[in-house]
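A.B. asks: how would this look folded up:
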Amino acid sequence: MTKSKTTRFLTVSLIFVSVFCIVIFCAQTAWMNVIGSDAIRNLGVIYMSGMSEQIATHFGTTINLRLSQVGALVDSVPPERITGGSAMRVSLAHNARSRGFEYLAFCTKDGVFEMIYGPEVELDAPEMFLHSLKSGQEKVGAGR
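C.D. replies: Now for the predicted structure:
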């Protein structure tokens, strides 16, 4: 009988230990899934914010480069040619082409574009563009 009790005790103990291990491993797996998905989410946020910062910096640098090219374009026309009409337009068109611009236009006080180089352009928000130009700011606008 003692051998039977010992065998039964060991069998029941083995079953309880096995069930306990299965429960512990299942709980640990569920916890690691939660922790892992949080870690992946945090890494994604860190990566995307870093990429966003780099893209914004690159965009700002690109816009500043284009604005400085516009300034150089304006400075490339000698003052004696400013009243010259067609000679000034030819010079501006040539300089715009050589700097990689696709469009170049004069903007009148009432917001009408006099195209010098490229097809006609229509701004998406002409009022805001004119307001910033009238206040003396450099402005980049989107258009079609």
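A.B. asks: Strands of this structure, start to end?
C.D. replies: Using DSSP state E, the strands of the chain run over 104-107, 113-117.
A.B. asks: Could you export those as a markdown table, including mean pLDDT, mean neighbour count and distance to Val23?
C.D. replies: All C-beta atoms are positioned from the backbone trio N, CA, C, and that covers glycine. What follows is the strands of the chain, written out as a markdown table (pLDDT from 0 to 100; neighbours: other CB atoms under 10 Å; distance: least, CB to CB, whole Å):
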| stretch | mean pLDDT | mean neighbour count | distance to Val23 |
| --- | --- | --- | --- |
| strand 104-107 | 81 | 16 | 74 |
| strand 113-117 | 82 | 15 | 74 |
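A.B. asks: can you redo these as a markdown table with distance to Ala96?
C.D. replies: Formatted as a markdown table, the strands of the chain follow (distance: least, CB to CB, whole Å):
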| stretch | distance to Ala96 |
| --- | --- |
| strand 104-107 | 4 |
| strand 113-117 | 5 |
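A.B. asks: Would you mind measuring from the residue nearest the centre of the chain to Arg97?
C.D. replies: The residue lying closest to the centre of the chain (CA atoms, centre = their mean) is Ile55, at 4.5 Å. Distance, Ile55 to Arg97, by CB to CB, to the nearest Å: 28 Å.
A.B. asks: just Met48 next, same as before
C.D. replies: 38 Å.
A.B. asks: If you count surrounding residues, which of those two has more?
C.D. replies: Between Met48 and Arg97, Arg97 has the larger neighbour count (other CB atoms under 10 Å), namely 13 against 10.
A.B. asks: Could you tell me which ranges of the protein sit under the pLDDT cut-off?
C.D. replies: 1-2, 78-85 (pLDDT under 70).
A.B. asks: just the helices in it please.
C.D. replies: For the chain, applying DSSP state H gives helices covering 2-75, 86-98, 126-134.
A.B. asks: Can you tell me which of these is most buried?
C.D. replies: Among the helices of the chain, helix 86-98 has the highest mean neighbour count (mean count of other CB atoms under 10 Å), at a mean of 15.
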